[in-house]
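1. Below: sequence and its predicted model.
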Amino acid sequence: MIVPLSALEDLIKIKVSPEKLAESLLLSGTKVEEIKKIKNEFVFDLEITPNRPDTLSFFGIAREISAIFNLDLTKPDTILLANIKR
């Protein structure tokens, strides 16, 4: 799964380097295959194992980082489709 660092930073205030973040994710069971820098953006290529479906989204990865570093997590704005009048 490709995850840009900026997408994670919209949900959590990350205070460590991308390399330290990758190392910490690996210790929690999420393998970072590669960190690329595209223009001014760090992008993580993550290997998500079948036993970690909770990390199959940007929010899931941000929640994992929040737990690792004991940081506050901002929940994304959501709209329930059942509440939209057609």
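-> Perfect, thanks for sending it. Given the structure is predicted, the values throughout are model-derived calculations rather than measurements.
2. can you give me the helices for this protein?
-> If DSSP state H is used as the criterion, the helices of the chain fall at 5-9, 18-28, 58-69.
3. Of the ones you listed, give the one that comes closest to residue 35.
-> helix 18-28 (5.3 Å; Cβ to Cβ). Any C-beta I mention is one placed from the backbone N, CA and C, and that applies to glycine too.
4. rewinding a little: packed most tightly, which of the helices of the chain would that be?
-> Most buried of the helices of the chain by mean neighbour count (mean count of other Cβ atoms under 10 Å) is helix 58-69; its value is a mean of 18.
5. angle of that helix against helix 18-28?
-> 90 degrees (axes from the mean of the first three to the mean of the last three Cα atoms, to 10 degrees).
6. what packs against helix 58-69?
-> Under the contact criterion of 3 or more Cβ pairs under 8 Å, 6 or more residues apart in numbering; DSSP states H and E, helix 58-69 touches helix 5-9, helix 18-28.
7. Since that was my last question, I'll sign off now.
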